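Trainee: How does the following fold in three dimensions:
(2 chains)
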Amino acid sequence: MKPSRLGPWLVTLFGVLYFFVPLLGTFEFSLRYLRGVYSLEAYRIVLTDPRFGATVTYSTVLALVTIVVGVALVVPTAYWIQVRLPGLRPIVEFITLLPLVIPAIVLVFGYLRMYNSASVLPLTGTERATDLLLMFSYVTLALPYMYRAVDTGLRTIDVHTLTEAAQSLGAGWSTILLRVILPNVRVAVLSGAFLTFAIVIGEFTMASLLDRPAFGPYLQLIGANRAYEPSALAVISFAITWACMGLLQVFARGAPGQVAPTH
Amino acid sequence: MAQVTDAAIGPPRAALPWVSQLSWTWVGVVPFFVFALMFLLLPTGLLAVGGFQDAQGHFTLRNLRDLFQPSIASSYLISVKVSAASAIGGALVGFALAYAVIAGGLPAWVRPALMTFSGVASNFAGVPLAFAFLATLGRAGLVTALLIRLFGFNLYSTGFNLLSFVGLTLTYMYFQIPLMVLIIAPAIDGLKREWREASANLGASTWEYWRYIALPILWPPLLGSTLLLFANAFGAVATAYALTGSSLNIVTIVLYAQIRGDVLHNQNLGYALALGMIFMTGMSNAAYIWLRGRSERWLR
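Mentor: Down below sits the predicted model:
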């Protein structure tokens, strides 16, 4: 008895259409700037808009700082939970999942209440401080992905043996974390980093409500006022997401040598 | 705020003598818990407290009652409808897609391709997604234009409007379907081939296999994933805002306007609005976790 393959193929075809037709539609729309001919005019206008460069740069820098701070927060914590405080694991895992439960708009509403300019810690008082707050908001948004990636990475290496070996050679905690643990989980850290980048680069809600000049609010502004440029921007930002996730897949396959040092 | 933070992490280090030997061990997770307090627990807790206060800071249940006034209740209702429709639609299509690719006997390369693409598409949300659907199904969109040119069929004469309940649901399904594929794939992997073969040997039809074997095992992960998709759509802001502006009053849009300019003319009602959202997403996530626990009995 051989089951028919027609049904599965039809379902797959439907999925492919649902995924690709909007992308095709966006691309086609983005070429329509000049009446009657397809052109890259919309892209030229977008790419020469100084605000495009400024907001992309702002969001890129913010994403990179978010990644650094996120790694600095998550790697030691996940390591410490694994080595010293396994009893805390359920609590820490629960906390890291909270950003998936509490909507981003609620979180930022809470920040605006807690860190308003009349509060003890007025993080919304100056532009620099708000940048800092936005960066921490993004660390929060990325926490579930970053923590799970790093935790999975730590489980694949023998953390206890590595720690004891390093200690018996006289290494301190900073040496162990930076020169022993981090290189061994670099693949996991990288995949967390790409995911973080993909989330941060076009994020709208938090940047908009904290009133910072990020790429997401710029996208929205152009979308509300222009016809063809938004499609060009959507194609560009899809390309960025695709690049991040593509790199993630490449690295997640496991570069050879990731687990090797323990053998 | 600083005092609250210090008090909350202080006791384990100083007040309890029996942990004094552990004191240095605790230091390792202090940054994480300080971070969690400052950027997750306290901000959310403050909103929750504010939802139960009046403008003078006295305890009241009035804000929660005011959530049921027609304008706010209707925004919750639209949010629930859009989230439920996109979650159920996304779950059905996502499951069909994942099942077709994993268990449908398709060539081996289809599965990793689908998984990779689902990873990308489930992250392609927000403002650009709204642009993509406007360019496809909007009044001048590619599909709208092609339907008119090829079939003489005007989508918009049927009453269809992208900036509506149906339009928003279709748009949300773009990230709901791939998310469903990603979270349901392990459950489909857990369906053992032997079960299907054994039931076929005993003379069961395909329908009987699904009715008595596959669905009884799969319903917890299916329902749980649907709830997760519901919560995912319920908290979404950017896609809806970029797509419909403020013409479709889902609750996140109302909250966005409230944060921007106190449109409800009552700060504390705004906190209650946020509290109501946490309640909805919290309940669906809790049910998801409970159902996932149930499904782990069979699907290992």
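
Trainee: Give the closest residue to B:Leu182 in space, chain neighbours not counted.
Mentor: Nearest residue to B:Leu182, sequence neighbours excluded (CB to CB, 6 or more residues apart in numbering or on different chains): B:Ser118, at 5.1 Å. No exception for glycine: its C-beta is placed from N, CA and C like everyone else's.

Trainee: centroid residue for chain A?
Mentor: A:Thr196 (1.5 Å; CA atoms, centre = their mean).

Trainee: my guess is it contacts A:Gly70, does it?
Mentor: Yes: counting by CB atoms under 8 Å, A:Gly70 is a contact partner of A:Thr196 at 6.1 Å.

Trainee: anything in contact with each of these two?
Mentor: Common contact partners of A:Thr196 and A:Gly70 (CB atoms under 8 Å, 6 or more residues apart in numbering or on different chains): A:Ala142, A:Met146.

Trainee: where's A:Val250 relative to A:Val101, distance?
Mentor: According to CB to CB, to the nearest Å, A:Val250 stands 31 Å off from A:Val101.

Trainee: and the residue nearest to B:Leu182, that one's in a helix?
Mentor: Yes: if the criterion is DSSP: H, G, I helix; E, B strand; the rest coil, then B:Ser118 is within a helix.

Trainee: how close does A:Glu229 sit to A:Leu40?
Mentor: In terms of CB to CB, A:Glu229 sits 12 Å off from A:Leu40.

Trainee: Which parts of chain A are helices?
Mentor: A:6-30, A:41-48, A:50-83, A:89-101, A:104-114, A:127-155, A:159-168, A:173-175, A:182-184, A:186-201, A:205-209, A:215-225, A:229-252 (DSSP state H).

Trainee: Show me how far the first one is from its chain's centre.
Mentor: Mean C-alpha position of helix A:6-30 versus that of the full chain (CA atoms, centre = their mean, to the nearest Å) differs by 26 Å.

Trainee: do the same with the fifth one
Mentor: When distances are taken as CA atoms, centre = their mean, helix A:104-114 is centred 20 Å away from the chain's centroid.

Trainee: That one to helix A:89-101, inter-axis angle?
Mentor: Interaxial angle of helix A:104-114 relative to helix A:89-101 (axes from the mean of the first three to the mean of the last three CA atoms, to 10 degrees): 100 degrees.

Trainee: The last one now?
Mentor: What separates the directions of helix A:229-252 and helix A:89-101 is an angle of 160 degrees, with the same axes, to 10 degrees.

Trainee: Output the contacting helices and strands for helix A:229-252.
Mentor: Contacts defined by 3 or more CB pairs under 8 Å, 6 or more residues apart in numbering or on different chains; DSSP states H and E place helix A:229-252 against helix A:6-30, helix A:41-48, helix A:186-201, helix A:215-225, helix B:110-121, helix B:127-137.

Trainee: care to break chain B down by domain?
Mentor: B:2-51, B:64-295 (automatic domain parsing).

Trainee: Kindly reformat the ones you listed as CSV containing mean neighbour count.
Mentor: Below are the domains of chain B laid out as CSV (neighbours: other CB atoms under 10 Å in any protein chain shown):
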stretch, mean neighbour count
domain B:2-51, 15
domain B:64-295, 19
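
Trainee: Which of the ones you listed comes out lowest on mean pLDDT?
Mentor: Of all those, domain B:2-51 carries the lowest average pLDDT, namely a mean of 72.

Trainee: Report the separation between the residue nearest to the centre of chain A and B:Phe175.
Mentor: Distance, A:Thr196 to B:Phe175, by CB to CB: 18 Å.

Trainee: What segments of the stretch 51-200 of chain B are helices?
Mentor: Here the stretch 51-200 of chain B has its helices, by DSSP state H, counting those that start in this stretch, at B:62-66, B:70-103, B:110-121, B:127-137, B:142-151, B:165-190, B:193-201.

Trainee: How about the residues of the stretch 51-200 of chain B by chain A?
Mentor: Proximity of the stretch 51-200 of chain B to chain A is confined to B:93, B:96-97, B:99-101, B:104-106, B:110, B:114, B:116-117, B:119-121, B:123-124, B:126-137, B:140-143, B:173-174, B:177-178, B:200 under the rule CB under 8 Å from any CB of the partner chain.

Trainee: Please consider this matter closed, and thank you.
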